[in-house]
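*Asks:* pasting the structure only:
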């Protein structure tokens, strides 16, 4: 397999531009990327024991066929069973078979995948797919948090969990980029917004595909294109609106903005994000120290603890999809 035929994985946190980059890439004539994150590694990897045992494989396949995002890929269970039995019984191979089927139906020779925090599994990806290319989307943590709040205003983790997630993802980005040069690329969301063509040219060169100008129109992802055009600043010739940059100003509560910058400031600078001056009075700092800082710090610690447990013992402390994403019948409706 050559570099120009290996899988392409798009990782990073939610609200960092993964779906947008996937829309551009799936508009390439050689590349198929589903419109939704498949999350197969997140919710199935290592959770069912040795897949060489038929009972374990069937449990894994049954769970996969009940998960909405996997069903979106329209896997053929009979073909999966047949093809899986003909090779190594690994999770990576099962996931690849699912995505290969999807790419074939799209008439594309190469498959791509977008999955939040796929960087967790970078070592396994490179071990399983020697020619994989991983693109890690990053974004200013303040804007990412603001965009997340817009969707989940009652999120329990708030700024503490957001800080933990961003720090963890960025630490992995730096580690993997150094460990896998030429195979792991960091792409800033802000660069994609400001210079979409130049950024896509770099991405195409990285994955070993020629840049195709038609990618900029995102015709291969009409739903995503239509969503982007809903923004008043977007145009068919420039789908990404610059107002997404700096959107946190005036929208993220002062205490949470303070917490994010205090805990992430040094790493933010490493990735080109400059913290803003914090103008607070003595009484305001005192209230922050007594109330907000301990609260958000506890949320940050809780996220780190759960993440560590899930990473170490996936079959015991499982990552599970939201119950609304689980179907009552395989391939059916909730």
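*Replies:* That came through, no problem. As the structure is a computational prediction, the values presented were derived from the model and not from experiment.

*Asks:* from residue 71, how far out is residue 329?
*Replies:* Distance, residue 329 to residue 71, by C-beta to C-beta, to the nearest Å: 10 Å. In short, each C-beta sits where N, CA and C put it, glycine included.

*Asks:* kindly apply the preceding question to residue 300 instead.
*Replies:* 34 Å.

*Asks:* in terms of neighbours, single out the busier of those two.
*Replies:* Comparing residue 300 with residue 71 by other C-beta atoms under 10 Å, the one with more neighbours is residue 300, at 22 against 17.

*Asks:* for that one, which non-adjacent residue is closest in space?
*Replies:* Spatial nearest neighbour of residue 300, excluding adjacent residues (C-beta to C-beta, 6 or more residues apart in numbering): residue 160 at 3.8 Å.

*Asks:* not counting its own residues, what contacts the one helix or strand that neighbour maps to?
*Replies:* Residue 160 belongs to helix 158-179 when assigned by DSSP states H and E. For helix 158-179, contacts defined as C-beta atoms under 8 Å, 6 or more residues apart in numbering pick out 12-13, 117, 119-120, 122, 134, 136, 138, 141, 144-145, 148, 155, 157, 184-186, 252, 255-257, 259-260, 263-264, 267, 270-271, 295-304, 307.

*Asks:* mind listing which of the residues you listed are in strands?
*Replies:* Per DSSP state E, strands hold the following members of the contacts of helix 158-179: 12, 134, 136, 138, 184-186.

*Asks:* PyMOL command to pick out the buried ones of the contacts of helix 158-179?
*Replies:* Entered in PyMOL, the line below selects the buried ones among these, by 16 or more other C-beta atoms under 10 Å:
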select buried, resi 12+13+117+119+120+122+134+136+138+141+144+145+148+157+184+185+186+252+255+256+257+259+260+263+264+267+271+296+299+300+303+304+307
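
*Asks:* do I have it right that residue 190 meets residue 142?
*Replies:* No - if you go by C-beta atoms under 8 Å, residue 190 and residue 142 don't touch, sitting 11.9 Å apart.

*Asks:* neighbour-wise, which of the two wins?
*Replies:* Using other C-beta under 10 Å as the criterion, residue 190 and residue 142 rank with residue 142 on top: 26 against 22.

*Asks:* and the residue lying closest to that one once chain neighbours are set aside, how many neighbours?
*Replies:* Ranked by C-beta to C-beta, 6+ apart and with sequence neighbours excluded, the top spatial neighbour of residue 142 is residue 248, at 3.9 Å. By other C-beta under 10 Å, 20 other residues sit near residue 248.

*Asks:* could you find the closest non-adjacent residue to residue 102?
*Replies:* In this structure, residue 102 finds its nearest non-sequential neighbour in residue 73, 4.6 Å apart by C-beta to C-beta, 6+ apart.

*Asks:* the one you found and residue 289, how far apart?
*Replies:* As defined by C-beta to C-beta, residue 73 lies at a distance of 49 Å from residue 289.

*Asks:* report the contact partners of the residue nearest to residue 102.
*Replies:* 34, 38, 98-99, 101-102.

*Asks:* where's residue 88 relative to residue 46, distance?
*Replies:* Separation of residue 88 from residue 46 (C-beta to C-beta) stands at 15 Å.

*Asks:* please identify which of those two sits among more neighbours.
*Replies:* Neighbour comparison, residue 88 and residue 46: the larger count goes to residue 46, with 16 against 11 (by other C-beta under 10 Å).

*Asks:* list the residues that contact the closest residue in space to the more buried one that isn't next to it in sequence.
*Replies:* Among residues not flanking residue 46 along the chain, residue 314 sits closest, at 4.1 Å (C-beta to C-beta, 6+ apart). Contact analysis of residue 314 by C-beta under 8 Å, 6+ apart lists 45-47.

*Asks:* doesn't residue 314 lie inside a strand?
*Replies:* No - Residue 314 is assigned coil when assessed by DSSP: H, G, I helix; E, B strand; the rest coil, not a strand.

*Asks:* many thanks, I have nothing further to ask.
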